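Colleague: pasting a predicted model and its sequence here:
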Amino acid sequence: MKSERPSEPLDLERDLPTTAEDVEALRRLRASRVTTEEYLRLLADLGDATAESLRRRPCPRGEPFRLV
């Protein structure tokens, strides 16, 4: 399958518009980074995943995607 016309590069101003609220939310998130201790506590709270529980998780099936 071939495109009729070449792809255009992504223009973030046009193709991914953001609001002032979006920018403020990103700034707040950047300022509230998780410490290493908090991250390790989160991992401990999640518990260990067994190989069997990982196998039961839904996942894509079929032929792998190939970029030609």
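Modeller: Done, it's in. Numbering: from 1, shown residues only.
Colleague: in this structure, what residue spans correspond to helices?
Modeller: Here the chain has its helices, by DSSP state H, at 12-15, 20-31, 36-46, 51-56.
Colleague: could you tell me the least trusted of those helices?
Modeller: Lowest mean pLDDT within the helices of the chain: helix 12-15, at a mean of 76.
Colleague: what packs against that one?
Modeller: On a contact count with 3 or more Cβ pairs under 8 Å, 6 or more residues apart in numbering; DSSP states H and E, helix 12-15 meets no helix or strand. Heads up, the C-betas are built off the backbone N, CA and C, glycines and all.
Colleague: alpha carbons only: can I get that helix in PDB?
Modeller: Provided in PDB are the C-alpha atoms of helix 12-15 (Å, rounded to 0.1, in the frame of the first residue of the first chain):
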ATOM      1  CA  LEU A  12       3.100  20.500  17.400                       C
ATOM      2  CA  GLU A  13       1.500  24.000  17.400                       C
ATOM      3  CA  ARG A  14      -1.100  22.900  14.900                       C
ATOM      4  CA  ASP A  15      -1.400  19.200  15.400                       C
END
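Colleague: for the helices of the chain, which one sits closest to V68?
Modeller: Of all the helices of the chain, it is helix 12-15 that lies closest to V68, at 24.8 Å by Cβ to Cβ.
Colleague: before we move on, back to that, for the helices of the chain, give me TSV that also has distance to R5 and mean neighbour count.
Modeller: TSV is the format used below for those (distance: least, Cβ to Cβ, whole Å; neighbours: other Cβ atoms under 10 Å):
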stretch	distance to R5	mean neighbour count
helix 12-15	16	8
helix 20-31	31	9
helix 36-46	46	9
helix 51-56	43	8
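Colleague: got TSV for these, with distance to P64 too?
Modeller: Formatted as TSV, these follow (distance: least, Cβ to Cβ, whole Å):
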stretch	distance to P64
helix 12-15	29
helix 20-31	34
helix 36-46	29
helix 51-56	18
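Colleague: quick one: which of these is nearest L67?
Modeller: helix 12-15 (21.4 Å).
Colleague: and the closest one, how far out from the chain's middle?
Modeller: Mean-position distance between helix 12-15 and its chain equals 20 Å (Cα atoms, centre = their mean, to the nearest Å).
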